[in-house]
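Engineer: sequence unavailable; structure follows:
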């Protein structure tokens, strides 16, 4: 009887000890994951604050928060990419590129880093390299601002003289970013360069309709000149005169107005 009771006691104790061990292990594991989650949240917050300060032009505060993020994870792609923006704004292109490249090396799937790097390369007139980054970024179907990626891709292809490829990119940008005037104007401009004036007119009409619905939007010198070229070649004299008047009144010193004066002086 005593033996059986003792066995039961030891058996119960062993079970309890095992439960305590398991509980201890679970608690330790949960704590590790909780600490990792807290660390990642802190990194994300530092990057978010740093990026916000970059937008405000406060580079010192931006650097402070990004340094804190990189202290927690020296290979964090988001922090490295944002630091690249800081260096670029400070006129340090070599350091900026070093950080952009490190970000992509650390996480090749970090699309925003590719977008930042592509914009940097575009600003350096390295259009082939910029096009490669935007092309890679455009493959990410989950990226929230994919329409802008295609617009940027179109810009690089246009600068490279690949107008057919630019047209394809701008069309995708229009499909993905309804309400954005930039790809409508860009596609109109590319079609004019290809002397496809009827097609250009359709997209320019969509642009002007958008502007009529949104009174905060105004013609730029570029959009007026694009519209003038379309109207001129299609023989729409009233529209041409209206757009030319706006160009003269609002942008008399612009290159576009000088080009318009050359157009009419040549009687083209």
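Structural biologist: Great, that's in hand. This structure is a prediction, so every number in the text was calculated from the model and none was measured.

Engineer: can we go C-alpha only for contacts and neighbour counts from here?
Structural biologist: Will do.

Engineer: how many neighbours does residue 258 have?
Structural biologist: A total of 13 residues lie near residue 258 under the criterion other Cα atoms under 10 Å.

Engineer: ditto for residue 191
Structural biologist: Counted with other Cα under 10 Å, residues neighbouring residue 191 total 22.

Engineer: ditto for residue 67
Structural biologist: Other residues close to residue 67 by other Cα under 10 Å number 20.

Engineer: from residue 52, how far off is it?
Structural biologist: Using Cα to Cα, to the nearest Å, residue 67 is found at 15 Å from residue 52.

Engineer: kindly report the same for residue 193.
Structural biologist: Noted for residue 193: a distance of 39 Å to residue 52, by Cα to Cα.

Engineer: likewise residue 60?
Structural biologist: Where residue 52 is concerned, residue 60 sits at a distance of 12 Å (Cα to Cα).

Engineer: now residue 230
Structural biologist: Between residue 230 and residue 52 the computed distance is 41 Å (Cα to Cα).

Engineer: more neighbours, the two?
Structural biologist: For residue 230 and residue 52, the more surrounded residue by other Cα under 10 Å is residue 230, and the numbers stand at 26 against 15.

Engineer: which SSE is that one in?
Structural biologist: For residue 230, the host element (DSSP states H and E) is helix 221-234.

Engineer: and the next helix or strand after that helix, how far out from the chain middle?
Structural biologist: Past helix 221-234, heading to the C-terminal end, the next element that is a helix or strand (DSSP H and E) is helix 237-250. Per Cα atoms, centre = their mean, to the nearest Å, the displacement of helix 237-250 from the mean C-alpha position of its chain is 34 Å.

Engineer: re the thing from before, mind listing what's buried along the helix holding residue 230?
Structural biologist: Residues of helix 221-234 classed as buried by neighbour count (16 or more other Cα atoms under 10 Å): 221-233.

Engineer: stretch 186-194 now?
Structural biologist: Judged by neighbour count (16+ other Cα under 10 Å), stretch 186-194 contains these buried residues: 186-192.

Engineer: which outside residues touch it?
Structural biologist: By Cα atoms under 8 Å, 6 or more residues apart in numbering, the list of residues contacting stretch 186-194 from outside reads 158, 163, 166-167, 170-171, 197, 199-201, 203-204, 226, 229-230.

Engineer: how about a cut-off of 7 Å?
Structural biologist: 163, 167, 170, 197, 199-200, 203-204, 226, 230 (Cα atoms under 7 Å, 6 or more residues apart in numbering).

Engineer: roughly how far out does that stretch sit from the chain middle?
Structural biologist: Taking the mean of its C-alpha atoms, stretch 186-194 sits 23 Å from the chain's own mean (Cα atoms, centre = their mean).

Engineer: what mean pLDDT does that stretch have?
Structural biologist: Mean per-residue pLDDT for stretch 186-194: 97.

Engineer: restricted to helices, list the buried residues of stretch 186-194.
Structural biologist: Of these, the ones assigned to helices by DSSP state H are 186-192.

Engineer: which of the contacts of stretch 186-194 lies closest to residue 259?
Structural biologist: residue 226 (11.1 Å; Cα to Cα).

Engineer: quick one, what contacts the closest one?
Structural biologist: Neighbouring residues of residue 226 by Cα under 7 Å, 6+ apart: residue 189.

Engineer: residue 151 versus that one, what's the distance?
Structural biologist: Separation of residue 226 from residue 151 (Cα to Cα) stands at 18 Å.

Engineer: for residue 249, see how far away residue 132 is.
Structural biologist: Residue 132 sits 41 Å away from residue 249, taking Cα to Cα as the criterion.

Engineer: quick check: the farthest pair among the buried residues of helix 221-234?
Structural biologist: The most widely separated members of the buried residues of helix 221-234 are 221 and 233, with 18.4 Å between them, by Cα to Cα.
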